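Trainee: Below is the sequence, then the predicted model.
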Amino acid sequence: MKTIRLSMAQALLKFLDNQFISINGRETKFVKGVMGIFGHGNVTGLGEALERSPGGLEFIQGKNEQGMVHAATAFAKQRNRTQIYACTSSIGPGALNMVTAAATATVNRIPVLLLPGDNFATRQPDPVLQQLEVASDYTIAATDAFKPVSRYWDRIVRPEQLMTAALQAMRILTDPAETGAVTLALPQDVQAEAYDYPLEFFSRRVHVIDRRPPSKAAIERAASLFAEAKRPLIIAGGGVLYSGAEQALAAFSEKFGIPVAETQAGKSALPWNHPLNMGGLGVTGTLAANVLARDADFIIGVGTRYSDFTTASKSAFRNPDVKVLNINVNAADAAKLNGTALTADACEAIAALQAALAAQSYQTGYAEGELEGHKTAWDREVDRLYADVCPEGFSQTRALGVINQTIDPSSVIVCAAGSLPGDLHRLWRPAAPKTYHLEYGFSCMGYEVSGAFGAALAEPDREVYAVVGDGSYLMMHSELVTSLQEKCKITVLLFDNHGFQCIHNLQRGHGSDGFGNEFRYRSEGTGRLTGSYMSIDFAAHARSLGAKAYTARTPEELREALERAKSETVTTLIEIPVVPGTNTQGYESWWHVGVPEVSVSGKVTDAHQEMRARVGEANPY
């Protein structure tokens, strides 16, 4: 057996550099590069390997460990999980900064490879700087925190262990049903240790992603459910896009006249103006989709994990006789809502189901013009909100309308948290797939700017916009600097509404008068944060980092700023002051949150009673 002597870190990079993925006969280099921030624990191990022996892997310098993992996650999401970046950090704080982003990737079923530094495997020296000392179990380190947020976790305490761990990591990273964050904890001494690795370990590996076909029996079971279905509704989840099943979904819905509602991850699977696209579903859904869901007798979920926002905390489907069919490559998701599982690739399953239903001459029972009426009424509501004139200033819905009507339809918007995802889910009109990039599985504040950078790396020929509130921007905007460093332009659309207004609205809607959620100065009279709003010049802040920046207080100023931003060659920020509370809400939806049973406020206890009544209406499954 021919061997080559390498350090463990050098061997890891050489292995990653030779991994490829094949989908539909098309091969893609799977690991594009490594994002990293160096410290003790990775700088003299993996850092040396990246400096001296990177092969074809590029290195991108992160500015915050959480931010760079968000960027890597967004990159993989925008590439439909066909290519990834690995991310490396030092031990201790550097590693733990990646945990939140690891959870974000795992919850959203997005592959990302994390390579945090770790304590000395030899325990010499001991304790090393930033080491946790758990007296009851000395094997525990900071990297153990990655276990619950990783789909696969390993600690490489001997250099030869890399071979098994690397192959297992690739198994998970390239599996559409099991993918998410993969963590290989790398003790700093082991990174530098040498081993005679077999040359075969570094041979070109092509991981073929076979589409999982449905069984004949499964299709027969699924088709039989349609026999009594008069008011079916399709829920399009992210799996539609990852499978490339957009055309199959359109053909299926058109063939049988079945309306389609979208999750946040599935939005843009159909263009907004498709006659059967009823828009977002659930807590952030449209009136059209939510009314149809309320009365549906059959739900066909395609590639959705059924979050509580999609199901309106299991209250969206109120027909007592409703049945559920789940088409999903992930068996756990396919089993949800007490539904019938069709565990298969979305594209394969839809095509097979269409053939079976065509043979049965299936037709829905919707009245003539009923679906068109719902669609037309909602389009008028969006037009109204896009044209909203607010006496106090610029409304959030009006600003979104200006943006939607001004930017190029091929542009990608990225968002994650606050009130903006709700407005975008309801109101945004995407014309093409993969132009709507929302992280709403974890709703992680701070994803937006980092995610936009990652999406721009994945789509260098498109304009990419981060749609972000001031609260989320303040939490994390570090990779804005990385976008400037890499000359990878993004445009940040910063909605300044003076705080965490989404949660402020939720708080006030359940009996509170508002507490601790707005960016106000402390009042000398009450000692609480109830004074005047803080004045923050976000445009000046962006300029200080090297970005271009504009402020738009009116629709006319926003259109002008957007046109100017298009012509800029570097990252640009547009600050958009909007009136707090001018977002959308409601539309036949409900969200289950805990409300105190006992309070000195009658408004709170009334809200509790209302919540208990709504809980009783929800489906326990």
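Mentor: Received it, and whenever you're ready, just let me know what you need.
Trainee: any weak-confidence spans in the protein?
Mentor: The model of the chain has no residue with pLDDT under 70.
Trainee: What residue spans form the domains of it?
Mentor: Segmentation of the chain into domains, based on automatic domain parsing, reads 3-208, 216-374, 387-498+534-577.
Trainee: now for the ones you listed, which one comes closest to Glu610?
Mentor: Smallest distance to Glu610 across the domains of the chain (CB to CB): 13.0 Å, for domain 216-374. Every residue, glycine included, has its C-beta placed from N, CA and C.
Trainee: all strands for the stretch 451-600 of the chain, in order.
Mentor: 464-469, 491-496, 548-551, 572-577 (DSSP state E, counting those that start in this stretch).
Trainee: Save those as JSON lines, and put in distance to Gly373 and mean neighbour count too.
Mentor: Shown next, in JSON lines, are the strands of the stretch 451-600 of the chain (distance: least, CB to CB, whole Å; neighbours: other CB atoms under 10 Å):
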{"stretch": "strand 464-469", "distance to Gly373": "31", "mean neighbour count": "29"}
{"stretch": "strand 491-496", "distance to Gly373": "33", "mean neighbour count": "26"}
{"stretch": "strand 548-551", "distance to Gly373": "41", "mean neighbour count": "20"}
{"stretch": "strand 572-577", "distance to Gly373": "34", "mean neighbour count": "24"}
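Trainee: Dump those into CSV; add distance to Tyr306 as well.
Mentor: What follows is the strands of the stretch 451-600 of the chain, written out as CSV (distance: least, CB to CB, whole Å):
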stretch, distance to Tyr306
strand 464-469, 25
strand 491-496, 29
strand 548-551, 41
strand 572-577, 33
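Trainee: Those strands: which one's closest to Gln396?
Mentor: Comparing the strands of the stretch 451-600 of the chain by CB to CB, strand 491-496 comes nearest, at 6.3 Å.
Trainee: Measure how that closest one sits relative to strand 572-577, angle-wise.
Mentor: Counting by axes from the mean of the first three to the mean of the last three CA atoms, to 10 degrees, strand 491-496 lies at 20 degrees to strand 572-577.
Trainee: what does strand 491-496 rub up against?
Mentor: With contact meaning CB atoms under 8 Å, 6 or more residues apart in numbering, strand 491-496 is reached by 396, 399, 403, 420, 448-449, 452, 463-470, 473, 477, 480, 536, 538, 542, 547, 565, 568, 571-578.
Trainee: burial of the nearest residue to Tyr386 once chain neighbours are set aside, as a residue count?
Mentor: Of all residues not flanking Tyr386 in the chain, Gly401 sits nearest, at 2.8 Å (CB to CB, 6 or more residues apart in numbering). Neighbours of Gly401 under the rule other CB atoms under 10 Å: 23.
Trainee: Can you tell me how far Gly401 is from Arg462?
Mentor: Separation of Gly401 from Arg462 (CB to CB, to the nearest Å): 21 Å.
Trainee: now Ala367
Mentor: From Ala367 to Arg462 the distance is 41 Å (CB to CB).
Trainee: Looking at these two, which is more packed in?
Mentor: Legend: neighbour count by other CB under 10 Å for Ala367 and Arg462, higher for Arg462 (16 against 8).
Trainee: OK, contacts around the more buried one?
Mentor: Neighbouring residues of Arg462 by CB under 8 Å, 6+ apart: Ser410, Ser411, Val412, Ala456.
Trainee: so which of these is the most crowded?
Mentor: Ala456 (28 neighbours).
Trainee: Assess the claim that it and Cys488 are in contact.
Mentor: Yes - between Ala456 and Cys488 a contact is recorded at 5.0 Å, counting by CB atoms under 8 Å.
Trainee: pretty sure the residue nearest to Tyr386 belongs to a strand, no?
Mentor: No - counting by DSSP: H, G, I helix; E, B strand; the rest coil, Gly401 falls outside a strand, being helix.
Trainee: Leaving out sequence neighbours, find the closest residue to Glu58.
Mentor: The shortest distance from Glu58 to any non-neighbouring residue, by CB to CB, 6+ apart, is to Gly33 (3.7 Å).
Trainee: Just the element for that neighbour, please.
Mentor: Element membership of Gly33, judged by DSSP states H and E, is strand 31-36.
Trainee: in the following helix or strand past that strand, what's buried?
Mentor: Counting by DSSP H and E, the next helix or strand C-terminal to strand 31-36 is helix 46-52. Neighbour counts over helix 46-52 (16 or more other CB atoms under 10 Å) mark Leu46, Gly47, Glu48, Ala49, Leu50 as buried.
Trainee: for the residues you listed, which one is nearest Asn330?
Mentor: Leu46 (31.8 Å).
Trainee: does that closest one really touch Gly36, like I thought?
Mentor: Yes - under the criterion of CB under 8 Å, Leu46 makes contact with Gly36 at 7.4 Å.
Trainee: what touches both of those two?
Mentor: Shared contacts of Leu46 and Gly36 (CB under 8 Å, 6+ apart): Thr88.
Trainee: what about Lys267, distance to Met278?
Mentor: Going from Lys267 to Met278 by CB to CB gives 12 Å.
Trainee: Next, the residue positioned nearest the centre of the chain: phi, psi?
Mentor: With distances taken as CA atoms, centre = their mean, Glu439 lies nearest the centre of the chain, 2.3 Å away. Here is the backbone geometry of Glu439 (degrees, to the nearest 10): phi -100, psi 100.
Trainee: Setting aside sequence neighbours, what's the nearest residue to it?
Mentor: Excluding the flanking residues, the one nearest Glu439 by CB to CB, 6+ apart is Ala416, at 4.2 Å.
Trainee: and that neighbour, how many neighbours does it have?
Mentor: 30.
Trainee: can I assume it is in contact with Leu438?
Mentor: Yes - Ala416 is within contact range of Leu438, at 6.8 Å (criterion: CB under 8 Å).
Trainee: Export only the CA atoms of stretch 5-19, formatted as CSV.
Mentor: C-alpha atoms of stretch 5-19 as CSV (Å, rounded to 0.1, in the frame of the first residue of the first chain):
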residue,chain,number,x,y,z
ARG,A,5,3.2,11.2,5.5
LEU,A,6,1.1,14.3,6.4
SER,A,7,-0.1,16.1,9.4
MET,A,8,-3.7,15.3,10.3
ALA,A,9,-4.7,18.9,9.3
GLN,A,10,-2.9,18.6,5.9
ALA,A,11,-4.6,15.2,5.3
LEU,A,12,-8.0,16.7,6.1
LEU,A,13,-7.6,19.4,3.6
LYS,A,14,-6.2,17.0,0.9
PHE,A,15,-9.2,14.8,1.5
LEU,A,16,-11.8,17.6,1.3
ASP,A,17,-10.2,18.9,-1.8
ASN,A,18,-11.0,15.6,-3.6
GLN,A,19,-14.7,15.3,-2.8
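Trainee: thinking again about what came up before, so what's the residue nearest to Glu439 up against?
Mentor: Leu438, Glu439, Tyr440, Ser443, Cys444, Met445, Gly446, Tyr447, Glu448, Gly451, Val468, Ser472.
Trainee: try 7 Å this time
Mentor: Going by CB atoms under 7 Å, 6 or more residues apart in numbering, Ala416 touches Leu438, Glu439, Tyr440, Ser443, Cys444, Met445, Tyr447, Glu448, Gly451, Ser472.
Trainee: Right, I'll leave it there.
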